[in-house]
Every structure is written in C-alpha cells, then in structure tokens.
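> mind looking at a prediction? Sequence and model below.
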Amino acid sequence: MEAINQFLAEHPTISSWGKLGINLAIAVVICFFLLKLEKKIAKRWASKFDGINARFTERVIRFVIIFIAAMWVIMSNDITKSFGSSLFQGTAVLAAIAGFAAKPVLSDMLCGFMLSATKPFNIGDRIEMEDGTAGIVQDITIRHVVLQGIDTLKI
C-alpha cells in the first residue's frame with residue numbers, strides 16, 4: 001500500500017477517481033484470491049465436518065471477506081471517505097431502523113443458527129412438516145431450508 005501511495009504522490013495527474021479505481025481493482029483481486037482460498041478450505045472442512053456447519057461457516061466467512069473489502073474501498077478514498085464516515089457515525093440510528101425493518105429476516109437468521117447448532121436433520125434427509133408437506137432436504141442456508149418434494153417441486 002505504501003508503494004501505491006508513493007506512486008500516486010509522484011503522479012498528481014491521477015485524479016481521485018483514478019485512486020478509487022485502483023483501490024477497487026486491488027480489493028477485487030485480493031477478494032478473489034481470498035474467496036478461492038476460502039473455497040479450498042471449505043472443501044476440506046466439508047469432508048471432515050458435518051455438511052450443515054461447513055456450509056454455514058463458508059457463507060459467513062464469504063460475507064465477512066466481501067464486507068471488509070467493500071469497507072476498505074469506501075474508507076480508502078477521499079471521495080467516498082466522507083460517505084463512509086457518515087455511514088459509521090449514523091450506525092446506531094441505522095441499526096435501530098434496520099432492526100425493526102428486518103425483524104423477520106433476523107428471526108430467520110437466528111433460526112438458521114439454531115438449526116446449525118442443534119442439527120435436527122442433515123442434507124439428504126427426508127422430513128415432513130406439520131402441515132403434511134414432505135420432502136428431501138436439498139440445502140440449508142442461514143435463512144431457509146430448501147426441500148425437494150416428490151414431484152421435483154422445490155419448497
């Protein structure tokens with residue numbers, strides 16, 4: 001990063017938009033390699049650990065990598081730094097508003113955590129819900145469980 005800042009200081013013709021583009025390109029490349037590394041590690045975990053926990057952990061790590069990369073791009077440039085700082089300064093108000101607005105989503109995520117922790121069923125198991133709908137578990141995400149019914153309908 002020091003070498004990039006030195007290069008930009010020596011070439012004042014490069015505008016702030018150019019700096020933003022360079023930072024964005026660096027973030028994309030680093031994010032790409034970190035996601036590839038994460039995918040290789042996730043494959044090893046999936047062979048050693050339970051499928052539900054491996055998928056859940058993989059998705060959380062993927063989200064954290066992308067979030068950190070986006071925040072780095074926002075906070076590393078003069079154009080977007082004021083936006084980023086105002087975004088961080090208003091996080092308490094935003095968190096309260098988002099908390100009320102996203103109550104169903106947060107409820108689903110907590111249920112996803114509970115499913116991951118208690119493991120009442122696994123991928124490939126056949127389950128039946130209280131309303132009589134039955135199917136084979138195809139995928140378990142943070143927010144929902146995907147069932148494939150008898151007639152190949154995904155629920």
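Cool, the structure landed.

> going forward, measure contacts and count neighbours with C-alpha atoms only.
OK.

> what's the helix or strand harbouring Gln6 packed up against?
Counting by DSSP states H and E, the element that carries Gln6 is helix 2-10. Contacts defined by 3 or more C-alpha pairs under 8 Å, 6 or more residues apart in numbering; DSSP states H and E place helix 2-10 against no helix or strand at all.

> only C-alpha atoms, please: export it in PDB.
Provided in PDB are the C-alpha atoms of helix 2-10 (Å, rounded to 0.1, in the frame of the first residue of the first chain):
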ATOM      1  CA  GLU A   2       2.900   2.300   0.800                       C
ATOM      2  CA  ALA A   3       4.300   1.900  -2.800                       C
ATOM      3  CA  ILE A   4       0.900   2.700  -4.300                       C
ATOM      4  CA  ASN A   5       0.600   5.900  -2.200                       C
ATOM      5  CA  GLN A   6       4.200   6.900  -3.200                       C
ATOM      6  CA  PHE A   7       3.300   6.300  -6.900                       C
ATOM      7  CA  LEU A   8       0.200   8.400  -6.600                       C
ATOM      8  CA  ALA A   9       2.100  11.200  -4.800                       C
ATOM      9  CA  GLU A  10       4.600  11.300  -7.600                       C
END
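
> other residues contacting the strand of greatest length in the chain?
Assignment by DSSP state E gives strand 134-140 as the longest strand of the chain. Strand 134-140 is contacted by residues 52, 55, 122-128, 145-150 when judged by C-alpha atoms under 8 Å, 6 or more residues apart in numbering.
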